[in-house]
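In: no FASTA, just this:
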Ligand SMILES: [Fe+2]
């Protein structure tokens, strides 16, 4: 691995238990993570919202649609809401989701496995739930799916469904098997990876809306200050290694938030000189696995926030 070939010049100092920071020599060409996703506007599902929608679901709390005791295999879905050509991200899009439980049953009297969340100030959304079970639709099982209603501010609602690659029920499903036209489901069948027993899938949602310009490559308005190049492993268990660049002498902080924006832990270092640094950090106060937000603060400004996942 590239990282292993890099050498450290010296250890600058230890912030606190579990945190160390090194400037990195032989300045590597860390590419900023550019969004390489292909872009296609989100399509409608042939079955529309289906028969099991319940209006006015509750807000999803702490990113958890399913309680921790909900039967089934854990699943984290995350992605970014953008405009139709994926050049702009959409903040505050309402994402209303509902799905069957592990046995294929919907809660049609309450709001179990029903909830809504919003895209954040960079257009990202995420929630943790369980992989929906299948249920009979006539003589065929519907493939495992999650229903979505997505509403960008000031725009009409897009109602559709999300499926998972490798599901043997897709080919015989009247909606999921459609491969062209208005109800083309191709881009709504996503691969899932499994890490530490949790399924993970990424689904970016492009829809008719106006947002803010997505910068590609290096964040140009931040290049004169500093940025996070990478975090690994991600998902992390206890320890994460964060590579940052400091482009002008500055005071740096790394802040870790939960998805509701509460600050859980931070590390601070004053007077860093211009260089690339590698920080090993075992953050405290993380209660559960799931999604957290890592921000780099340069002097008085948080210039970049990225999602990290605790396994
Ligand atoms: Fe359904």
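Out: Sure thing, it's come through. Predicted model only: the values in this text are computed from it and were never measured. Numbering: from 1, shown residues only.
In: didn't residue 121 look like it was pressed against residue 91?
Out: Yes. Counting by Cβ atoms under 8 Å, residue 121 touches residue 91, with 5.3 Å between them. Every C-beta, even on glycine, is put in place using the N, C-alpha and C of the backbone.
In: out of the two, which sits in the more crowded spot?
Out: Ranked by neighbour count (other Cβ atoms under 10 Å), residue 121 and residue 91 place residue 91 first, with 17 against 11.
In: Check whether the more buried one really touches residue 211, as I assumed.
Out: Yes. Using Cβ under 8 Å, residue 91 is in contact with residue 211, at 6.7 Å.
In: Spell out which residues are contacts of both of those two.
Out: residue 123 (Cβ atoms under 8 Å, 6 or more residues apart in numbering).
In: residues contacting the spatially most central residue of the chain?
Out: The C-alpha lying nearest the average C-alpha coordinate of the chain belongs to residue 78 (Cα atoms, centre = their mean; 3.7 Å). Neighbour list for residue 78: 124, 125, 126, 127, 200, 201, 202, 203, 291, 307 [criterion: Cβ under 8 Å, 6+ apart].
In: where's it relative to residue 157, distance?
Out: 21 Å (Cβ to Cβ, to the nearest Å).
In: Residue ranges in the stretch 151-300 of the chain under the pLDDT threshold?
Out: 215-224 (pLDDT under 70).
In: Spell out the residue ranges of the strands in it.
Out: 157-164, 189-190, 193-195, 198-202, 205-206, 212-213, 226-232, 240-246, 250-258, 263-272, 275-281, 290-298 (DSSP state E, counting those that start in this stretch).
In: Figure out which of those is closest to residue 43.
Out: Nearest to residue 43 among the strands of the stretch 151-300 of the chain is strand 157-164 (6.6 Å), distances taken as Cβ to Cβ.
In: The closest one packs against which elements?
Out: Judged by 3 or more Cβ pairs under 8 Å, 6 or more residues apart in numbering; DSSP states H and E, strand 157-164 is in contact with strand 145-151, strand 189-190.
In: residues in contact with that strand?
Out: Outside strand 157-164, the residues that reach it (Cβ under 8 Å, 6+ apart) are 42-45, 47-50, 77, 131, 143-151, 170, 175-176, 185, 188-192, 201, 203, 205, 207.
In: From these, keep the buried residues only.
Out: 42-45, 47, 49-50, 77, 131, 143-151, 170, 175-176, 185, 188-189, 192, 201, 203, 205, 207 (16 or more other Cβ atoms under 10 Å).
In: What segments of the stretch 1-150 of the chain are strands?
Out: 19-24, 74-82, 88-89, 94-98, 114-118, 124-130, 135-137, 140-142, 145-151.
In: could those go into a markdown table alongside distance to residue 257?
Out: Output for the strands of the stretch 1-150 of the chain, formatted as a markdown table (distance: least, Cβ to Cβ, whole Å):
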| stretch | distance to residue 257 |
| --- | --- |
| strand 19-24 | 17 |
| strand 74-82 | 16 |
| strand 88-89 | 19 |
| strand 94-98 | 20 |
| strand 114-118 | 16 |
| strand 124-130 | 13 |
| strand 135-137 | 37 |
| strand 140-142 | 37 |
| strand 145-151 | 24 |
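In: Quick check: which of these is nearest to residue 231?
Out: It is, among the strands of the stretch 1-150 of the chain and with distance given as Cβ to Cβ, strand 19-24, at 14.1 Å.
In: mind checking how far stretch 106-121 is from the chain centre?
Out: 17 Å (Cα atoms, centre = their mean, to the nearest Å).
In: Also stretch 89-99?
Out: Centre-to-centre, stretch 89-99 and its host chain are 13 Å apart (Cα atoms, centre = their mean).
In: And stretch 256-265, by the same measure?
Out: With Cα atoms, centre = their mean, you get 15 Å for stretch 256-265.
In: please renumber so the chain begins at 51
Out: Renumbered: residue one is now 51, and that last one reads stretch 306-315.
In: Show me what counts as buried in it.
Out: Using 16+ other Cβ under 10 Å as the test for burial, stretch 306-315 gives 306, 307, 308, 309, 315.
In: rewinding a little: of the contacts of residue 128, buried ones?
Out: The buried subset of those - by 16+ other Cβ under 10 Å - is 174, 175, 176, 177, 250, 251, 253, 341, 357.
In: Output these in TSV, with distance to residue 334 appended to each entry.
Out: Below are those laid out as TSV (distance: Cβ to Cβ, whole Å):
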residue	distance to residue 334
174	24
175	27
176	22
177	25
250	25
251	29
253	32
341	17
357	19
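In: Nearest residue to residue 107 in space, please, no chain neighbours.
Out: Spatially, and ignoring its direct neighbours in sequence, residue 107 is nearest to residue 164 (4.2 Å; Cβ to Cβ, 6 or more residues apart in numbering).
In: ugh, wrong one, residue 167
Out: Closest to residue 167 by Cβ to Cβ, 6+ apart is residue 110, at 4.4 Å.
In: thought that neighbour was touching residue 177?
Out: Yes. In this structure residue 110 lies within contact range of residue 177 using Cβ under 8 Å: 5.3 Å.
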